[in-house]
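# model the following, please.
(2 chains)
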Amino acid sequence: MSGTTPDAGAIGAERRVREAALKVLAGIAPEADLAALADDANLRRALDLDSIDFQNFVIGLGKAVGTDIPERDVPRLTTLAGCVAYLASRHGAVS
Amino acid sequence: MRDFLMPSLGADMEAGTLVAWRKRLGDVVHRGDIMAEVDTAKGVIEVEIFAEGVVDGILVEPGRRVPVGTPLARLREAGEPAAAAVARAPEAFAAPVETGELPTAAVAAVARPVPPPAAQASPSRRQVEAAAWRASPSARRLARERGVDLTTVTGTGPRGTITEADVEQAAAAGSAPSAPPESAAAAAAGAADRLARMRRTIAAAMARSKREIPHYYLRTTIGMHRTVAWLADENDRRPAERRLLPGVLLLKATALALREVPELNAAWEHDGVVLRDVVHVGVAISLRQGGLVVAALHDTQSRSLDSLMDGLRDVTARGRAGRLRSSELSDSTITVTSLGERGVESVYGVIYPPQVALVGFGRVVDRPWAADGGLFVRPVVTATLAADHRVTDGHRGGLFLDAIDRLLQEPERL
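Have a look, this model is predicted:
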């Protein structure tokens, strides 16, 4: 975090989404080095996720943040940064 | 009395290590119950039984590695009297032989030279039972008493039946199990070891396929705009955990197309084709650490898309965790390999013996598509068929791919 973000609540929401996403990914790709996962890396390519893996990611992420992610929004979850931007803004007060 | 045997979990399996019993002496078992866990190159498999009765004898203790077809337990069927309370588990079988065996034993067992085709052919359940019974009752009793593994004994009686004399001779010669025993520690050998074993078993099955099966290959491009549009509309109304993947529609279309060309749903056994009356589509599951397993989705034709989706997710998870059931490994009647959304556009498969066909689907991609005198950009998928020329020819294979195409144009009916 750059420290220029004015809203501490938003920072907290982003952190929670990121942690939730990494936790779900760790369950799907246990052998992956998630610490080395770049924010803008294509998740499927970086972690070798097939369509079932990715669907499980969408299900798991939705459950972790307490929302169902509509099919039409799934393309926004291509990267970790995308997940954070989409879920933190859409569900600022994630559980 | 009926024996529960070490099953053949695919054409590439020669032996397995009994990891644990899930039933005990005296337990009542029903068709489909899980009897035991067996460690193979494909993970720890839950082995089901396809008989009813009471467990009357445990013949192999956990930790032992035995060849396919070896009796593991005895089952008393309805109406049979209980066996005398003797020699329930003869000592020679009960003792985990040579514990502390190095994990290399397992590797050695699968790394043996590939046997000639006749010996290697995957025995059907009936065949294995027949082989196990080809010993006189007195010879079987003697073998149990002397701790002789009947699968290692050469019969000299009528039609190769094993006689008491054969057992005596084998016992005198210190007959050992034909596959090296393996300790429980070895059964839990590391992932690297399992991967090495898996590569060898895949190599053995695929080499046999290429050696014995005269493959022919067909390829067609299928317009997927109707399927994709129907799926998008359907998934838009569904929560994430109930959404369907395109691959499920491809599986169902493949299963239904077999109604039109049923000879592709078959097995090649004993120099002849055996048509199967049910369709169990096997799906190729790539494992994260490398290697792959094929798991059957039972009764694919009659299941709903939702049921197939649940099944696909379930076997994918358990296949990757190395926790499939024996029927899932051995029941496939045709295989589908789909290289998914990120993969290549087409795949030409190697048929998994004793099956006679393999269907491949590539990635769904947008391509220029001419239709109704116009040019459109549409999603398409490349479907391929690898089939056994001993059973079908290109004409029938072509009709099959055409049937898949037609079925996919009416996704709401799948």
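# only C-alpha atoms from now on, for both contacts and neighbour counts.
OK.
# so where's the longest helix in chain A?
helix A:8-28 (DSSP state H).
# run the chain-centre distance for the next helix or strand after it.
The helix or strand immediately downstream of helix A:8-28 is helix A:43-47, counting by DSSP states H and E. Centroid displacement of helix A:43-47 relative to its chain, using Cα atoms, centre = their mean, to the nearest Å, is 13 Å.
# how about stretch B:406-414?
Worked out by Cα atoms, centre = their mean, stretch B:406-414 lies 29 Å from the chain centre.
# could I get the CA-only coordinates of it as PDB?
Once non-C-alpha atoms are left out, stretch B:406-414 reads as follows in PDB (Å, rounded to 0.1, in the frame of the first residue of the first chain):
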ATOM      1  CA  ARG B 406     -25.900 -32.100 -34.400                       C
ATOM      2  CA  LEU B 407     -26.500 -32.800 -30.700                       C
ATOM      3  CA  LEU B 408     -24.500 -29.700 -29.700                       C
ATOM      4  CA  GLN B 409     -26.700 -27.500 -31.900                       C
ATOM      5  CA  GLU B 410     -29.600 -28.300 -29.500                       C
ATOM      6  CA  PRO B 411     -28.000 -27.700 -26.100                       C
ATOM      7  CA  GLU B 412     -31.400 -27.400 -24.400                       C
ATOM      8  CA  ARG B 413     -32.100 -31.000 -25.200                       C
ATOM      9  CA  LEU B 414     -28.800 -32.400 -23.800                       C
END
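# can you list the buried residues in that stretch?
Of the residues in stretch B:406-414, B:407-409, B:411, B:414 count as buried by neighbour count, 16 or more other Cα atoms under 10 Å in any protein chain shown.
# and the furthest pair within these?
B:Gln409 and B:Leu414 (9.7 Å; Cα to Cα).
# helices or strands up against the longest helix of chain A?
In terms of contacts (3 or more Cα pairs under 8 Å, 6 or more residues apart in numbering or on different chains; DSSP states H and E), helix A:8-28 is packed against helix A:51-65, helix A:80-90.
# avg pLDDT for that helix?
For helix A:8-28, the mean pLDDT works out to 88.
# for stretch B:381-400, same thing?
Across stretch B:381-400, the per-residue pLDDT values average to 97.
# go on, stretch B:357-371?
Summarised as a single mean, pLDDT over stretch B:357-371 is 95.
# buried stuff in it?
B:357-365.
# and B:Val380, how close does it get to chain A?
Per Cα to the nearest Cα, to the nearest Å, B:Val380 is found 17 Å from chain A.
# sec struct for that residue, please.
strand (DSSP: H, G, I helix; E, B strand; the rest coil).
# which residues of the chain score low on pLDDT?
The chain I'm using is chain A. Of all residues in chain A, those with pLDDT under 70 make up the ranges A:1-9, A:91-95.
# my bad, chain B
In chain B (pLDDT under 70), the answer is B:83-161, B:163, B:167, B:171-189, B:340-342.
# for it, longest helix please?
Criterion DSSP H: the longest helix present in chain B is helix B:191-212.
# which helices and strands sit right next to the following helix or strand past that one?
Using DSSP H and E, the next helix or strand after helix B:191-212 towards the C-terminus is strand B:215-223. Judged by 3+ Cα pairs under 8 Å, 6+ apart, strand B:215-223 is in contact with strand B:374-388, helix B:394-408.
# could you pull out the buried residues of stretch A:70-87?
Result for stretch A:70-87 [16+ other Cα under 10 Å]: buried residues A:71, A:74, A:77-87.
# quick one: name the residues of chain A near chain B.
A:29, A:45, A:50-52, A:55-56, A:58-59, A:68-72 (Cα under 8 Å from any Cα of the partner chain).
# redo that, cut-off 10 Å
Neighbours of chain B within chain A, by Cα under 10 Å from any Cα of the partner chain: A:28-31, A:44-45, A:47-53, A:55-60, A:62-63, A:67-74.
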